[in-house]
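>>> Pasted the sequence and its predicted model underneath.
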Amino acid sequence: MSTPKAPIEPMEGLCFRTRGLTKTYGKGAAEVQALRGVDLELPDGELVVVLGASGSGKSTFLNIIGGLDKATSGEVFFRGRDIGHASRQELTQYRRRNVGFVFQFYNLMPSLTAWENVALVTEIADNPLTPDAALEMVGLKERQSHFPAQMSGGEQQRVAIARAIAKQPSVLLCDEPTGALDSATGTRVLEALKTVNDTLNATTLIITHNAGVAAMADRVVIFADGAVREVKINTNPKNPKDITW
Ligand SMILES: Nc1ncnc2c1ncn2[C@@H]1O[C@H](COP(=O)(O)OP(=O)(O)OP(=O)(O)O)[C@@H](O)[C@H]1O
């Protein structure tokens with residue numbers, strides 16, 4: 001954000017803190033309460049897996065902490081900055097500087113090579129990795145001159161991850177990054193996310209329907225009915241290779 005507001009309370013070591021976060025879509029009979037009061041604290045640098053039934057509010061939560069959407073009420077702080085009350089312009093700055101997104105579908109430009117897809121971001125970022133370094137981090141350096149149509153789904157997703165991390169974001173938000181992939185390919189994508197989390201120390205959130213993925217997390221957050229039902233800490237996270245889905 002260009003003009004960060006002063007922290008209201010100390011958030012040392014915390015990346016996100018939310019209090020009483022609610023989100024209501026629509027009005028009257030069409031009203032949907034997607035979030036019903038989310039209180040959560042996420043420390044900096046952790047790899048967090050977010051689980052929960054379909055419709056439990058996971059994507060809504062991710063979109064709000066990522067500055068893509070605004071809550072209806074409640075508080076959301078990023079490293080002590082109140083992003084819940086930020087203007088649209090401030091949110092754009094916040095996203096641009098701090099947040100990388102990875103979605104289920106890769107949204108690569110079909111007419112550009114892997115390298116060029118990543119370079120689109122590095123050209124406009126303040127302190128980017130080179131496209132080569134970003135592609136190397138996800139194990140795709142040798143594929144850099146391939147076009148998306150010449151790559152598998154998992155490889156395309158790893159290009160999308162390289163693109164998301166090329167600006168060295170402090171936060172990496174992944175909504176069903178392996179949702180369209182088989183388990184072997186998905187494992188390579190999860191390995192890439194783990195490498196990025198270890199190397200850049202970006203706080204990484206991964207939404208998944210696959211409960212097995214929780215074994216690789218530092219922290220597991222389980223949503224139910226628009227709220228956090230449970231938070232579990234993994235003292236000994238597994239390597240993605242050793243996870244069975
Ligand atoms: N833009 C929107 N307009 C209206 N309702 C919405 C909108 N986005 C989400 N919802 C509703 O809010 C609730 C929570 O949706 P959300 O996508 O956050 O859940 P989710 O846990 O991510 O689900 P899934 O696992 O299926 O992606 C659902 O009932 C959904 O239909």
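It's in.
>>> okay, CA-based contacts and neighbour counts for the rest of this
Fine.
>>> Give me the contacts around stretch 24-43.
13-23, 55-57, 60-61, 71-72, 74, 203, 225-228 (CA atoms under 8 Å, 6 or more residues apart in numbering).
>>> just checking, residue 115 touches residue 144?
Yes. Applying CA atoms under 8 Å, one finds residue 115 in contact with residue 144, separated by 4.9 Å.
>>> and for those two, which residues touch both?
With CA under 8 Å, 6+ apart as the test, residue 115 and residue 144 both reach 132, 135.
>>> Mind checking which of the contacts of stretch 24-43 are buried?
14-18, 20-23, 56-57, 60-61, 71, 74, 203, 225-228 (16 or more other CA atoms under 10 Å).
>>> Among those, name the ones that also lie close to the ligand.
Contacts with the ligand within the buried ones among the contacts of stretch 24-43, as defined by CA under 6 Å from any ligand atom: 56-57, 60.
>>> Let's have those in a markdown table, adding secondary structure.
Converted to a markdown table, these look like this (DSSP: H, G, I helix; E, B strand; the rest coil):
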| residue | secondary structure |
| --- | --- |
| 56 | coil |
| 57 | coil |
| 60 | helix |
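>>> returning to that earlier point: so which of residue 115 and residue 144 has more stuff around it?
residue 115 (23 against 18; other CA atoms under 10 Å).
>>> So what does that one look like in phi/psi?
phi -60, psi -40 (degrees, to the nearest 10).
>>> Could you check the pLDDT of it?
Per-residue confidence (pLDDT) for residue 115: 97.
>>> try residue 184
86.
>>> just to revisit the earlier point, tell me which of the contacts of stretch 24-43 fall in strands.
14-23, 74, 203, 227-228 (DSSP state E).
>>> what's the first-to-last distance across stretch 90-106?
Using CA to CA, to the nearest Å, the end-to-end distance of stretch 90-106 comes out at 26 Å.
>>> Let me see the mean pLDDT of that stretch.
Computed over stretch 90-106, the average pLDDT equals 94.
>>> next one: stretch 202-213
Stretch 202-213 comes out at a mean pLDDT of 96.
>>> Quick one: end-to-end distance for that stretch.
18 Å.
>>> Now do that stretch: everything it contacts.
With CA under 8 Å, 6+ apart, stretch 202-213 has contacts from 15, 43-53, 58-59, 168-179, 196-197, 240, 243-245.
>>> so of these, which ones are in helices?
58-59, 196-197 (DSSP state H).
>>> mind listing the helices in the chain by residue range?
58-65, 88-98, 114-122, 131-137, 153-165, 183-200.
>>> Quick check: which of the ones you listed is nearest to residue 232?
helix 58-65 (16.2 Å; CA to CA).
>>> and the closest one with helix 88-98, angle?
Here the directions of helix 58-65 and helix 88-98 differ by 100 degrees (axes from the mean of the first three to the mean of the last three CA atoms, to 10 degrees).
>>> Much appreciated, bye for now.
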